[in-house]
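S.K.: what's the 3D shape of this:
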Amino acid sequence: MTTTMQEIAIKANQGFGTVILLSHSLLCNLEGHRTLRYL
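M.R.: I've put the predicted structure just below:
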């Protein structure tokens, strides 16, 4: 199976977006727990 550079770039962008979304949700969860702890 041969994958073109464009396909590799698309898959890399999708993976990067997934990582950003996961880290963003983790940060939101941490901030939420922190504010709840202060309340």
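S.K.: For Thr2, which three-state class applies?
M.R.: coil (DSSP: H, G, I helix; E, B strand; the rest coil).
S.K.: Report pLDDT for it.
M.R.: Thr2 is assigned 76 on the pLDDT scale.
S.K.: Show the contacting residues for it.
M.R.: By Cβ atoms under 8 Å, 6 or more residues apart in numbering, the contact list for Thr2 is empty. No exception for glycine: its C-beta is placed from N, CA and C like everyone else's.
S.K.: which parts of the strand or helix carrying Ile10 are buried?
M.R.: Taking DSSP states H and E as the definition, Ile10 sits inside helix 5-38. By 16 or more other Cβ atoms under 10 Å, helix 5-38 has no buried positions at all.
S.K.: and that helix, how far from the chain's centre?
M.R.: Relative to the centre of its chain, helix 5-38 is centred 2 Å away, using Cα atoms, centre = their mean, to the nearest Å.
S.K.: mean confidence for it?
M.R.: 86.
S.K.: Which other helices and strands does that helix contact?
M.R.: Using 3 or more Cβ pairs under 8 Å, 6 or more residues apart in numbering; DSSP states H and E, no helix or strand is in contact with helix 5-38.
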